[in-house]
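# Predicted model follows, preceded by the sequence.
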Amino acid sequence: MDDKLLNEMSKLIFPDLNDSDTIESLEEMFPPRNLPEGAKVTRMAPSPTGSMHLGNLYSALADERIAHTSKDGIFFLRIEDTDEKRKVPGAVEKIIKYLNGFGLFFDEGATADGDLGNYGPYRQRMRAKFYHIVARKLLLDGRAYPCFCTEEQLEEAHKAQESAKDNFGYYGKYAVHRNMPSEEAIEKIKNGEKFVLRFRSLGNPVKKIPFKDSIKGNLELPENDQDFILLKSDGIPTYHLAHIVDDHFMRTTDVVRGEEWLSTLPWHLELWNACGFKRPRYSHTSQVLKFDEQIGTKRKMSKRKDPECTLEFYYTAGYPRSSVIEYLMTLLNSNYEQWRSANQNADYREFPFSSSKMSASGALFDIAKLNDISKDVISRMSADEVYLSVSEWAKEYNPEFYSLISRDPEYSKSIFSIGRGGKKPRKDFACWSEVPAFISYFFDETFSVDSNEFPANISVSDRKAILSDYAKIYKTEQDNNSWFETVKIISEKYGFTSDMKSYKANPDAFKGSVADVSTVLRVAVTGRQNSPDLFAICNLLGEEKVKARITAQS
RNA sequence: GGCCUGUUGGUCAAGCGGCUAAGACGCCGCCCUCUCAAGGCGGAAACAUGGGUUCGAUUCCCGUACGGGUCACCA
């Protein structure tokens, strides 16, 4: 290979570079981070498409935890905007907003207005020169070459490979420009022919590389033989080059990314070597899957088919963000639930996160489990917290309900404090959108009684008599027992036993029990057969309102 | 189709050659109880499959089946 020709070619390909633009200068500009032993540097590297789904949050959480459970670890945001077509305005802000909303914060990287940190810029579009410097070195080393294939030619090759049952791609005899004489290439470039810069692979896929992934464990990968593209014809790098350059010069220690990258890992491995950089550790996370009823199998969650896949869903349904995090933590680390039950009130950040505890196979998303976890999370909140969160949710997604509960905040807080606190708190809702229906009877505007709700085994005349008697004697009581005594007295008067034990032993001996009478009262006061403690509800509604509601049904 | 990878109850999962194969969610039953929720107790329910290796395989090896991923000038 003629150095002079290569040099000439590199000047043509990289007119933006001069002699002082060297790898060494980059190494100097972005020196290794001065961090304590064991500190991990991870990154979230989304393309700015603006779509944020559960999978993004899942892997961001893994990244964030891995960085922040190490002492002085760093979690940064890099925007992979090399593909102009996929760019959506405002996406960066959205990504940051959503992650912050879920309690995940970046230590450095792209922000809504500019960059933060010494290893930027953190947007790939602005790093063109860095990629070119590395690409030029590769070219000069003979590890990269221009390729003039047109789209049509590549398509033809693909078809030929198909009929020959060869592997797809640009390699071996299909790498037609790999050995083009430099003179010829220079000529073509001078003529303004379009070209891409390809990697010159030296690998042999028959040979296997043993590889240790932090999540998947020991793997065996074939060596790469693909002359994949480093720079597109517009001079913008592909993900592959950008990944190596960025994660090297941003001094990433742990690359955490989806397992869909496993198949191109050999490309990256060979590139790291060709560049002479020390590669980071890799953690390939498994996907969150979804059971598809129609096909009857598991599949990747999809934004279009699965509403619960978008982060927006959790906002509109009003799941506490901490519930979603809590659920994802159980998916991320198998021993998390065990730790949680031993540390009920601890912050999840105190959990010793470990990538080796991450599952190698994909987990099915299970909303029932999320609900259970969320009920638990909410049950640990104070009434004030619940009120605050519900208001915040309602303000945005249910304005009518918002005006109801904000009319008298103290009253609303009292509603949420029923059955709260203590050893066995109620677990009534998993998300805030379940609240309006659940507490509707506390507000006259949303309270109504359907007489079909009254127990059928009590005659209408008995029912009316019970209610009108009760309306006369009802008064606000100090404690549950004395309140229930009155209910018992009324029950006995109409032949409904107050002794549940004997009723259960011999139900036919009685007209009914105090349970039936309670149900009558409950329906009159709340409009439904099931509710939290009736005594507490009555006290909250107040004597006047309780009497009015009972009278209305008598 | 090639390559990579995975497969423990319905779901999430412990388990690293020897156990009646944990636990959680869901489901069912019982208890508690004025209903519901919660709580307590109990139950049904699993090592994909065929060959090896071994005194012994859920655990190790090979094949098969079935998932998942990937094979772009997208990331």
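Ah, there it is. In this text the structure is predicted, and so the values were computed from the model without any measurement.
# got the residues of the stretch 401-550 of chain A near RNA strand B?
Neighbours of RNA strand B within the stretch 401-550 of chain A, by C-beta under 7 Å from any atom of the strand: A:419, A:424-428, A:480, A:484, A:500, A:514-515, A:518-519, A:522, A:529-535. In this view, the C-beta of every residue, glycine as well, is placed from N, C-alpha and C.
# Give the buried subset of those as a ChimeraX selection command.
This is how ChimeraX selects the buried members of those, with burial counted by 16 or more other C-beta atoms under 10 Å:
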select /A:427,428,484,514,518,519,522,531,534,535
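# domains in chain A, as residue ranges please.
For chain A, automatic domain parsing gives the domain ranges A:3-26+A:127-285, A:290-379, A:383-445, A:448-553.
# mean confidence score for the longest one?
Mean pLDDT, domain A:3-26+A:127-285: 94.
# near RNA strand B at all, that domain?
Yes. Domain A:3-26+A:127-285 is in contact with RNA strand B by C-beta under 7 Å from any atom of the strand, via A:149-151, A:154, A:158, A:165, A:167-170, A:194, A:196, A:205, A:208, A:216-217, A:219-222, A:229, A:232-234, A:236, A:238-239, A:259-264.
# Narrow these to those that are buried.
Buried subset of these (neighbour count, 16+ other C-beta under 10 Å): A:149, A:169-170, A:196, A:216, A:221, A:229, A:236, A:238-239, A:259, A:261-262.
# Looking at those residues, which are in helices?
A:Tyr239 (DSSP state H).
# Quick check: the farthest pair among the buried ones among the residues of domain A:3-26+A:127-285 next to RNA strand B?
Largest separation among these by C-beta to C-beta: A:Cys149 and A:Lys216, giving 34.6 Å.
# quick one: A:Arg178 from A:Ile189, how far?
As judged by C-beta to C-beta, to the nearest Å, A:Arg178 and A:Ile189 stand 16 Å apart.
# ugh, wrong one, A:Arg136
As judged by C-beta to C-beta, A:Arg136 and A:Ile189 stand 14 Å apart.
# Repeat that for A:Glu155.
Relative to A:Ile189, A:Glu155 is positioned 23 Å away (C-beta to C-beta).
# So which of those two has more stuff around it?
Comparing A:Glu155 with A:Ile189 by other C-beta atoms under 10 Å, the one with more neighbours is A:Ile189, at 17 against 11.
# Helix, strand, or coil at the more buried one?
Recorded secondary structure, A:Ile189: helix (DSSP: H, G, I helix; E, B strand; the rest coil).
# can you check A:His284 too?
Three-state assignment for A:His284 (three-state DSSP): strand.
# re earlier: make JSON lines from the domains of chain A and add distance to A:Glu93 to it.
Below are the domains of chain A laid out as JSON lines (distance: least, C-beta to C-beta, whole Å):
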{"stretch": "domain A:3-26+A:127-285", "distance to A:Glu93": "20"}
{"stretch": "domain A:290-379", "distance to A:Glu93": "14"}
{"stretch": "domain A:383-445", "distance to A:Glu93": "18"}
{"stretch": "domain A:448-553", "distance to A:Glu93": "42"}
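# Keeping just the C-alphas, turn the helix or strand containing A:Leu540 into CSV.
If you go by DSSP states H and E, A:Leu540 is part of helix A:534-541. Taking Å, rounded to 0.1, in the frame of the first residue of the first chain, the C-alpha atoms of helix A:534-541 are listed here in CSV:
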residue,chain,number,x,y,z
LEU,A,534,-69.2,2.8,57.4
PHE,A,535,-68.7,4.4,60.8
ALA,A,536,-65.8,6.4,59.5
ILE,A,537,-67.7,7.4,56.4
CYS,A,538,-70.7,8.6,58.4
ASN,A,539,-68.5,10.6,60.7
LEU,A,540,-66.9,12.2,57.7
LEU,A,541,-70.1,13.0,55.9
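# what does that helix rub up against?
Contact with helix A:534-541 is made by A:411, A:414-415, A:418-419, A:441-442, A:474, A:476-477, A:480, A:483-484, A:518, A:521-522, A:525-526, A:531, A:546, A:549, as judged by C-beta atoms under 8 Å, 6 or more residues apart in numbering.
# and the residues you listed, which are buried?
When burial is judged by neighbour count using 16+ other C-beta under 10 Å, the buried members of the contacts of helix A:534-541 are A:414-415, A:418, A:441-442, A:474, A:477, A:483-484, A:518, A:521-522, A:525-526, A:531, A:546, A:549.
# end-to-end on stretch A:47-56?
Stretch A:47-56 has its terminal residues 11 Å apart, counting by C-alpha to C-alpha, to the nearest Å.
# for stretch A:242-257, that is, sorry about that
One end of stretch A:242-257 to the other measures 15 Å (C-alpha to C-alpha).
# starting at the chain centroid, how far to it?
22 Å (C-alpha atoms, centre = their mean, to the nearest Å).
# Report the buried residues of stretch A:247-257.
Across stretch A:247-257, burial judged by 16+ other C-beta under 10 Å covers A:247-257.
# Reformat those residues as TSV; add secondary structure.
Shown next, in TSV, are those (three-state DSSP):
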residue	secondary structure
A:Asp247	helix
A:His248	helix
A:Phe249	helix
A:Met250	coil
A:Arg251	coil
A:Thr252	coil
A:Thr253	coil
A:Asp254	strand
A:Val255	strand
A:Val256	strand
A:Arg257	strand
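# Closest one to RNA strand B out of those, please.
Within the buried residues of stretch A:247-257, the smallest distance to RNA strand B is 9.0 Å, found for A:Arg257 (C-beta to the nearest atom of the strand).
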